[in-house]
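Q: this one's sequence-less:
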């Protein structure tokens with residue numbers, strides 16, 4: 001970072017691939033800064049409905065979690081050449097507690113789509129999570145009413161398990177048994 005007289009602070013991109021220490025260059029401004037295979041990916045700040053769904057998921061999962069499990073908002077995952085930040089991360093008991101979680105400690109990741117993250121959340125991130133060996137993936141479509149899609153890791157990526165919508169409480173078994181009603185999330 002270079003600071004000159006009467007100028008704003010400036011930074012320069014690394015000469016090679018982006019790495020986790022490079023993420024510390026960025027301000028805590030609401031943007032989500034992630035690295036995918038050494039390339040920087042930035043998502044704009046999230047809106048109110050997105051945050052309402054994330055808060056609801058945190059509350060539901062924390063209430064159902066067995067002792068020792070951790071449910072975290074925006075906990076980063078160190079997946080080799082990628083540093084990803086899911087909306088919700090479910091950590092297994094006895095996880096390392098590292099700032100960037102090891103994929104071996106992660107039982108489930110959850111992404112809540114926005115207009116600016118839809119393709120990223122549907123296509124790229126699930127493939128990276130699957131490559132990292134994370135057993136369960138949930139994706140939430142918030143509009144016009146929340147819909148939950150659950151996936152389990154198969155030999156070639158994630159396999160669809162359940163699609164849950166509406167007012168009825170439906171049990172989802174992974175990462176642990178929990179009853180969900182997506183219409184109550186907004």
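A: On my side now, so go ahead. Computed from a predicted model, the values in this text were never measured in an experiment.
Q: ok, and for the lengthiest helix in the chain, which residues are buried?
A: Taking DSSP state H as the criterion, the chain has its longest helix at helix 48-64. Going by neighbour count (16 or more other CB atoms under 10 Å), the buried part of helix 48-64 is 50, 53, 54, 56, 57, 58, 60, 61, 64. C-beta coordinates here come from the backbone N, C-alpha and C atoms, glycine included.
Q: Which parts of this structure are strands?
A: 32-36, 39-43, 70-73, 77-79, 82-84, 88-91, 106-112, 136-141, 147-154, 157-165, 170-172, 178-180 (DSSP state E).
Q: List the contacts of the last one.
A: In other words, strand 178-180. Residues outside strand 178-180 that contact it (CB atoms under 8 Å, 6 or more residues apart in numbering): 60, 61, 64, 148, 164, 169, 170, 171, 172.
Q: Kindly recompute the last result at 6 Å.
A: 64, 164, 169, 170, 171, 172 (CB atoms under 6 Å, 6 or more residues apart in numbering).
Q: In this structure the fourth one contacts residue 163, no?
A: Read that as residue 170. No - applying CB atoms under 6 Å, one finds residue 170 not in contact with residue 163, separated by 9.6 Å.
Q: quick one: the residue nearest to residue 30 when sequence neighbours are not counted from residue 185, how far?
A: Spatial nearest neighbour of residue 30, chain neighbours left out: residue 45 (3.3 Å); criterion: CB to CB, 6 or more residues apart in numbering. Distance, residue 45 to residue 185, by CB to CB, to the nearest Å: 20 Å.
Q: now do residue 87
A: Distance from residue 87 to residue 185, by CB to CB: 12 Å.
Q: which of these two has more neighbours?
A: The residue with more neighbours, out of residue 87 and residue 185 and counting by other CB atoms under 10 Å, is residue 87; that gives 26 against 21.
Q: so what's the residue nearest the centre of the chain closest to, chain neighbours aside?
A: The chain has residue 86 as the residue nearest its centroid, 1.0 Å off, counting by CA atoms, centre = their mean. Distances taken as CB to CB, 6+ apart place residue 109 nearest to residue 86, at 4.0 Å, with adjacent residues excluded.
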